[in-house]
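[1] predicted model follows, preceded by the sequence.
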Amino acid sequence: METLTDIQFDLNVDRLMEECRVEPGSSDEADLRCLVKLARDIGRPKAAYNTCFITERDGTRIRIDDTWFESRALVHNLQSVERVFPLVATCGPELDNGFADKGNMLKEFWWDVIKTRLLGAANRHLSKYLHRRFRLNKTATMHPGSGDASVWPIEQQRELFSLFGDVEGQVGVQLTDSFLMIPNKTTSGLLFPTETDFRSCEVCHRENCPSRHAEFNKELWEAIQHD
């Protein structure tokens, strides 16, 4: 596992004020600016990845190194892939540890928005690094628990994390008994080369999802079910 810790991030106060609906010149602006300064002082976004190989395919299962995963979608997307990159990116535990306004719902909301910005920086840095180092062209990423429960069950976070090693020790990310990650602004998944676009939203039936980035793709869904 390789870790990336020297990750730059930008916090544009004007954009944050717009997103958080903070009025210029208000006391809220002063409070938000204090939080931005704190995040700039203590924020340490991080990412980690490993390089793994497909070692066996068996119907709806696929083995990556020595670990088996159960997912029709994963098997479908990796049918012509040999090398994959398990990855995790996080805003970093420093933001949770350094936040002193727990219980203040408004400031907690602002802080969550700031944490999302740092997570975005970590994801972009990791993606650019992988594409540059391994000379990758088009890629896609799958995340356990993203999309319908049957696409790639969130319970397989445990197997995914087994491909890394000491994730908590290296980047400060904990996997809970309910398979959620701490800090909450953390992503994990598999990045792989592909000739076609894929987003988990395309095989998710959930309507009116605020996180949807692509329309449901009935043809893709049916293709996965019949592979």
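    On my side now, so go ahead.
[2] per-residue pLDDT, Gly145?
    Model confidence at Gly145, given as pLDDT, is 86.
[3] ok, it - how many residues close by?
    17 (other C-beta atoms under 10 Å). In short, each C-beta sits where N, CA and C put it, glycine included.
[4] pretty sure it is in a helix, no?
    No - judged by DSSP: H, G, I helix; E, B strand; the rest coil, Gly145 forms no part of a helix; its state is coil.
[5] let me know how buried the nearest residue to it once chain neighbours are set aside is, in neighbour terms.
    In this structure, Gly145 finds its nearest non-sequential neighbour in Ile154, 3.0 Å apart by C-beta to C-beta, 6 or more residues apart in numbering. If you count neighbours by other C-beta under 10 Å, Ile154 ends up with 14.
[6] quick one: Ile154 and Pro144 touch, right?
    Yes - proximity of Ile154 to Pro144 meets the contact threshold set by C-beta atoms under 8 Å, at 5.2 Å.
[7] need the overlap of contacts for these two.
    Jointly contacting Ile154 and Pro144 under the rule C-beta atoms under 8 Å, 6 or more residues apart in numbering are Phe179.
[8] returning to what we had before: check contacts around the residue nearest to Gly145.
    Pro144, Gly145, Phe179.
[9] before we move on, what about Tyr49?
    Tyr49 neighbours (C-beta under 8 Å, 6+ apart): Met1, Glu2, Leu4, Phe85, Pro86, Leu87, Val88, Leu126, Leu130, Leu191.
[10] in strands only, show me the residues you listed.
    Glu2, Leu4, Phe85, Pro86, Leu87, Val88, Leu191 (DSSP state E).
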